Each structure stands twice: as C-alpha cells, then as structure tokens.
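Engineer: below: sequence and its predicted model.
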Amino acid sequence: MTRHVAVIGHPVAHSRSPLIHGYWIAEHGIDGTYDRRDVPPEEIAGFLANFAAGDLVGANVTVPHKEAAFAAAVERDPVAEALGAVNTLWLEEGRLYGANTDVHGFLANLDAAAPEWDRALDEAVVLGAGGAARAIVYGLIGRGIGRVTVANRTLSRAEALRAQFGDKVLPVDWRDLAGTLPSARLLVNTTSLGMKGQPPLDIDLSLLSPDAVVTDAVYVPLETPLLRAARARGLAAVDGLGMLLHQAVPGFARWFGVAPQVTPALRALAVEDLRV
Ligand code: ATR
C-alpha cells in the first residue's frame, strides 16, 4: 500500500520538505508520496483529532501548528516534551505519536559541517529566544555545554529560557551583546535578521575568538551577511540549510523504514531550489 505523508502548515507553499522527502522516496524506490497540506488555524485541532481516519501515515508539522501537534499526540519523545512542540507525527496502531527533530537537525548539521565544533565547547552565544532558540539551547545543554548566553531584543523571552532550562542559560540584553562575544566558541543566529527582505544582523565579529564557529538558522539566502562576515574573518561558518536537511532524517526513517543520508547531491538540489 502506498504510504502518504505530508507537511502541515499555514502557509505551507514555501516548505522545502516535499523536495527533500521526494528526493529520498525516489532514491530508495519507495512506494510513497509526500505533499503539502495547508490547514488553517481554526481547522488544525479537528484535522489532528481525525488524523487516523485520514489518508496520511505521518506528517511533518510546521509554523504555526507545532504546539497543536504537541497537544494532539498521545505519546511524545523526550525532546518534544521538553520543548512543548512537535514537528514529526506518525501513527502506531491508530494512535498519534509525536517527536521533535529540530534538535537533532541542529546538532547533526554541526557534527557534519564542523566536526570539531563541540571540542572544548564551554560557552555559546545564541541570538534570539523564539522556538528555534529554545530547541538549540536545549540541544547545547544536552551536549554538556558550560554556559549558553541568550541575547534577545526582548529580554523577558531570554529570561524565560533560563527559567525553563536552568542557570546554564545566561540572558543578556541585545545591546550588551558585544561583551559576550570574546569568550564564545559558538555563535548561533536564530533571529530573522539576515533573512531575505529583513535587515542584516550587524555585529562585530572581530570580538570572536579565531577558533569560533558561526552558524545561522536562516537559510534564505544561504549565505547570510553574518556568515559572509564570518568567512571573511576566516571563521568556520555553517549555513542553516544543513539543519533543515538533517531534521528531516528521523521522520523519513520512521515513516518509510529506511534511514536516508544527507548527501552532497541532495544538498545541491536544495541549493538549486533556493535559487529560484
Ligand atoms: P522562531 O520560532 O523561528 O525562533 P520567533 O519565535 O518569531 O521565531 O522568534 C524570532 C526571533 O527573532 C525573536 O528572538 C525576535 O526577537 P523578539 O523576541 O524581541 O521579538 C527576533 N527578532 C526578530 N526581528 C528582530 C529585529 N528586528 N531585531 C532583533 N531581533 C529580532
């Protein structure tokens, strides 16, 4: 029987997930499909409540439905429990299960692109305090980091991350960012600054240590002004496309029973797609 999977969001037309999963379905000769389902907020609770009666065996969930998917799943993996957000759903004996693979995506991308990144990683600076930052802070603490400084325009959101994850999280005011950079070995942007149509992220990277790694959750454009500035300084710079590709792996393995690879060929296809 053909296995149907979809990404559920609102809007969802921009999602690159069909490209990624479609590539793997073809590569592995799987009898399956992966498409987009635009479900408006007023319909999401009903859609998920009736999931088992529909045609899908699983789904990815994107903005703004990750919390609704969390609420609808009867069982969730520990990462989803910690984050209060589910981005991957599947059915087991008619019951809806949920996981969050964003943390895996973030860590696996750095492991692949900058394998030394977590050696002697005492301190990271995370810019932003939204959903992406929450996943990344959780992942860094899981890797045993000593301290995560969270700089956010709205300080109270950074303080909320400390309240949730404990005193390894150090909230700082966005305007005090410069003081946090010299001791950081990893700088992560999770804000929308640098995204196409948004102002660039304007920070002085000369304050960073020469062995620091810089990574950006933004991947449109692929080379953000932040990453370009990092490369110009000779710092390791890791783009956000890899996080997107790697977060897709656990879902595909779950739905189709094959563990797919993030290969240069897949990455090249995604890069091409981002260009158009
Ligand atoms: P996501 O779930 O992708 O993390 P989000 O919850 O909307 O998205 O968070 C966006 C982040 O970008 C927030 O940290 C936001 O700062 P605020 O919490 O102060 O809103 C940050 N951000 C967006 N635009 C910004 C700007 N012009 N300057 C600084 N930070 C900005």
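Structural biologist: Yep, it's here. Numbers count the residues shown, from 1 in each chain.
Engineer: center of this structure - which residue?
Structural biologist: With distances taken as CA atoms, centre = their mean, residue 102 lies nearest the centre of the chain, 4.0 Å away.
Engineer: isn't it right up against residue 249?
Structural biologist: No: counting by CB atoms under 8 Å, residue 102 stays clear of residue 249, with 11.9 Å between them. The C-beta positions use only the backbone N, C-alpha and C, and glycine is treated the same way.
Engineer: so the residue nearest to the centre of the chain versus residue 152, what's the distance?
Structural biologist: 18 Å (CB to CB, to the nearest Å).
Engineer: mind listing what residue 65 touches?
Structural biologist: 8, 9, 10, 39, 41, 44 (CB atoms under 8 Å, 6 or more residues apart in numbering).
Engineer: for residue 93, same thing?
Structural biologist: Residue 93 touches nothing, counting by CB under 8 Å, 6+ apart.
Engineer: look up phi and psi at it.
Structural biologist: phi 50, psi 40 (degrees, to the nearest 10).
Engineer: follow-up on the earlier one: now the residue nearest to the centre of the chain: closest residue in space, sequence neighbours ignored.
Structural biologist: residue 135 (4.2 Å; CB to CB, 6 or more residues apart in numbering).
Engineer: so the one you found, which state does it fall into?
Structural biologist: Here residue 135 takes the helix state, with states given by DSSP: H, G, I helix; E, B strand; the rest coil.
Engineer: distance between the ends of stretch 60-71?
Structural biologist: End-to-end span of stretch 60-71 (CA to CA, to the nearest Å): 15 Å.
Engineer: any idea how far the residue nearest to the centre of the chain is from residue 175?
Structural biologist: From residue 102 to residue 175 the distance is 28 Å (CB to CB).
Engineer: how about the residues of the chain near the ligand?
Structural biologist: 128-133, 152-154, 157, 190-193 (CB under 6 Å from any ligand atom).
Engineer: give me the buried subset of the residues you listed.
Structural biologist: Among the residues of the chain next to the ligand, those scoring as buried are 128, 129, 131, 132, 133, 152, 157, 190, 191, 192, 193 (criterion: 16 or more other CB atoms under 10 Å).
Engineer: ok, now how distant is residue 20 from the ligand?
Structural biologist: Applying CB to the nearest ligand atom, to the nearest Å, the value for residue 20 to the ligand is 19 Å.
Engineer: so who does that residue touch?
Structural biologist: 244, 245, 248, 266, 270.
Engineer: I'd like the residues you listed as JSON lines, with secondary structure appended.
Structural biologist: What follows is the contacts of residue 20, written out as JSON lines (three-state DSSP):
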{"residue": "244", "secondary structure": "helix"}
{"residue": "245", "secondary structure": "helix"}
{"residue": "248", "secondary structure": "coil"}
{"residue": "266", "secondary structure": "helix"}
{"residue": "270", "secondary structure": "helix"}
